[in-house]
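K.L.:
I would like the atomic coordinates for the input below:
(chains A and B)
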Protein chains: 2
Amino acid sequence: MISSSPDAPIGVFDSGLGGLTVLKSCLEAMPNERFVYLGDTARTPYGSKAHETICRYAIDCTEFLASHDVKFLVVACNTVSAHAISEIQSRYDCPIVSTVEPAVDAALKASKTGRIGVIGTRATIVSKVYQKALRAKNPSVEVVAKACPLFVPFVEEGIVEGEIIDQVVELYLSEMRGIDTLILGCTHYPLLSKPLAKYLGPDVALVTCSDTMAAVVRERLAQDQLATSQATQSVEYFASDAADRFDALATQLVGLTNVRSRHIDL
Amino acid sequence: MISSSPDAPIGVFDSGLGGLTVLKSCLEAMPNERFVYLGDTARTPYGSKAHETICRYAIDCTEFLASHDVKFLVVACNTVSAHAISEIQSRYDCPIVSTVEPAVDAALKASKTGRIGVIGTRATIVSKVYQKALRAKNPSVEVVAKACPLFVPFVEEGIVEGEIIDQVVELYLSEMRGIDTLILGCTHYPLLSKPLAKYLGPDVALVTCSDTMAAVVRERLAQDQLATSQATQSVEYFASDAADRFDALATQLVGLTNVRSRHIDL
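P.N.:
Numbers count the residues shown, from 1 in each chain, chains lettered A, B, ... in the order given. Prediction:
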């Protein structure tokens, strides 16, 4: 059930670990809220899979979070945001924030030349959700979009700098010359900020959704009178693959502390 | 149900596309048999996931093939072979061939120095199934094992040669100096034979399980009087993610023709 109580938790989910970058921003922005995070690590990655598969898995995740009586749904996965938001909204009457709008707003604010790059999983780029959202808000922007399907496996292997990742960055980003803003359209990609910034140089702004999403959630909670009156923050973590591996990577990749997840079958 | 009729099909499954290299060898070795191939492309890859998750998914795949009344089960996935064979055998009374024994026999036959390398997914290498099987048959062999988790994503992206894959090969195989035989302990890896051979040189034998597995299946069918009397070969393909992408990659990566898979939910 979706809850309308201010003291209910905020549900956050991702296909795996990437969404933890969004959770981290939310934890910083909302120091009193309760959170339930679900990573569908058994079926990760979603980004190379078909629309129908992504929708089916997204509904499973939402159902799980709804069973925890969440008051607000944070879709911390660009692939799900690109494919399954209307599917989720048609089934659950719940305030929801996806990755797309916050990143688009931040990119339009950051860009001076109007030439904006977008990178993401194959499923995100093929959906054209970023391209359409950018042009809907400013028809004069020029968008260069590129799927970067190898970035997620590299991040999940903990390879986030060095010669090989520099070459993979070059492989994918060589078409991006001339942009002044790049949307990192996958919640894993902030972990590659260093090699991306090194390749693109200091004049290109890197836009991630995480901080903007957290700000949007906080605003919406206040607007809807759903902000908690509790004193202390808490997080419950759930993972569909092994809990110990999730906990180790959450600490190692994202720098979260005290992560003790529980395994669930989806 | 598992069938005991010689005219029943042979079931082959993998976490995705890699097992098609085994199917291809089976098609060449058994020109009259019927085959049912299942690729669990929606939940691929298995190789970075936990033992319990791999077992659960392997049982789902076996159940699906059993519902097609197969007479023989070919586990064309090293990760499943390393983790779930006893789990499958405890539930299904069916002749079964995994990837491990055929590859181990071929490696021991090929090696002159007794220094053998094994590469595979993280789950396969961590299970130590190859290391144990080699030493059980010849306690004097020296085994160098290495998990290569980025190889599968590269293959699935169609990147099987070039400078970047050469560097990834070097990253993983630098410890393999001195071996005279390398077991490619993942059904995707035959598609990387070229860069692997280039790095290791002509004195290292590359051992894949596919041809040996196909020979073992043919022998076992004859022994058990399960070889078909039918005249023509056929294959039914099933995929848990989108059928069109499966068909395209089966043709592009493995060189199979007339692939028309059907989508199923697992």
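K.L.:
Where does the stretch 1-150 of chain A get nearest to chain B, which residue?
P.N.:
residue A:50 (3.3 Å; CB to the nearest CB). C-betas here are computed from N, CA, C, even on glycine.
K.L.:
separation between that residue and residue A:74?
P.N.:
In this view, residue A:50 and residue A:74 are 24 Å apart by CB to CB, to the nearest Å.
K.L.:
Can you name the residues of chain A sitting close to chain B?
P.N.:
Contacts of chain A with chain B, taken as CB under 8 Å from any CB of the partner chain, map to A:41-43, A:48-53, A:56, A:149-150, A:153-154, A:156-157, A:159, A:163-164, A:167-168, A:171, A:240-242, A:245, A:263, A:265.
K.L.:
buried subset of those?
P.N.:
If you count burial by 16 or more other CB atoms under 10 Å in any protein chain shown, the buried members of the residues of chain A next to chain B come out as A:41-43, A:48-53, A:56, A:149-150, A:153-154, A:156, A:159, A:164, A:167-168, A:240-242, A:245, A:263.
K.L.:
show me where chain A has strands.
P.N.:
Listed in chain order, the strands of chain A (DSSP state E) span A:10-14, A:34-39, A:72-75, A:96-97, A:115-120, A:142-147, A:181-185, A:205-207, A:234-239, A:262-263.
K.L.:
Contacts for the first one next, please.
P.N.:
When contacts are defined by CB atoms under 8 Å, 6 or more residues apart in numbering or on different chains, strand A:10-14 is touched by residues A:19-20, A:22-23, A:26, A:30, A:33-40, A:61-62, A:64-66, A:68, A:70-77, A:80, A:187, A:217, A:221.
K.L.:
what sits against the residue lying closest to residue A:58 once chain neighbours are set aside?
P.N.:
Closest residue to residue A:58 apart from its sequence neighbours, by CB to CB, 6 or more residues apart in numbering or on different chains: residue A:84 at 3.7 Å. Residues near residue A:84 by CB under 8 Å, 6+ apart: A:54, A:55, A:58, A:59, A:75.
K.L.:
Looking at those residues, which one is closest to residue B:106?
P.N.:
Ranked by distance to residue B:106 (CB to CB), those are led by residue A:54 at 39.7 Å.
K.L.:
Pretty sure that closest one sits against residue A:85.
P.N.:
No - assessed by CB atoms under 8 Å, residue A:54 is found out of contact with residue A:85, at 10.9 Å.
K.L.:
Between those two, which is the more surrounded one?
P.N.:
residue A:54 (26 against 21; other CB atoms under 10 Å in any protein chain shown).
K.L.:
Now do the same for the more buried one: its pLDDT.
P.N.:
Listed pLDDT for residue A:54 reads 97.
K.L.:
next one: the one 4 residues further on
P.N.:
The pLDDT attached to residue A:58 in the predicted structure is 98.
K.L.:
Residue A:143: what's it in contact with?
P.N.:
A:116, A:117, A:118, A:130, A:131, A:134, A:135.
K.L.:
And the buried ones among those, selectable in PyMOL?
P.N.:
Of those, the buried ones go into a single PyMOL selection, burial set by 16+ other CB under 10 Å:
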select buried, chain A and resi 116+117+118+130+131+134
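K.L.:
farthest-separated two in the contacts of residue A:143?
P.N.:
Among the contacts of residue A:143, A:117 and A:135 lie farthest apart (CB to CB), at 14.2 Å.
K.L.:
all helices for the stretch 1-150 of chain A, in order.
P.N.:
A:20-29, A:51-66, A:78-83, A:85-91, A:100-110, A:122-127, A:129-137 (DSSP state H, counting those that start in this stretch).
K.L.:
Mean neighbour count, these: which tops it?
P.N.:
When these are scored by mean count of other CB atoms under 10 Å in any protein chain shown, the highest mean neighbour count falls to helix A:78-83 (a mean of 30).
K.L.:
Now the closest residue to chain B within the stretch 51-200 of chain A. Nearest residue, chain neighbours left out?
P.N.:
Closest residue of the stretch 51-200 of chain A to chain B, CB to the nearest CB: residue A:153 (4.0 Å). Of all residues not flanking residue A:153 in the chain, residue B:153 sits nearest, at 4.0 Å (CB to CB, 6+ apart).
K.L.:
Residue A:157: what's it in contact with?
P.N.:
Residue A:157 sits in contact with B:149, B:150, where contact means CB under 8 Å, 6+ apart.
K.L.:
wait, residue A:101 sits on residue A:132?
P.N.:
No - using CB under 8 Å, residue A:101 makes no contact with residue A:132, being 11.8 Å away.
K.L.:
circling back: now do the same contact list for the residue of the stretch 1-150 of chain A closest to chain B.
P.N.:
Residue A:50 makes contacts with A:123, B:42, B:241, B:242, B:245, as judged by CB under 8 Å, 6+ apart.
K.L.:
Let me know the pLDDT of the fourth one.
P.N.:
In other words, residue B:242. Model confidence at residue B:242 (pLDDT) stands at 91.
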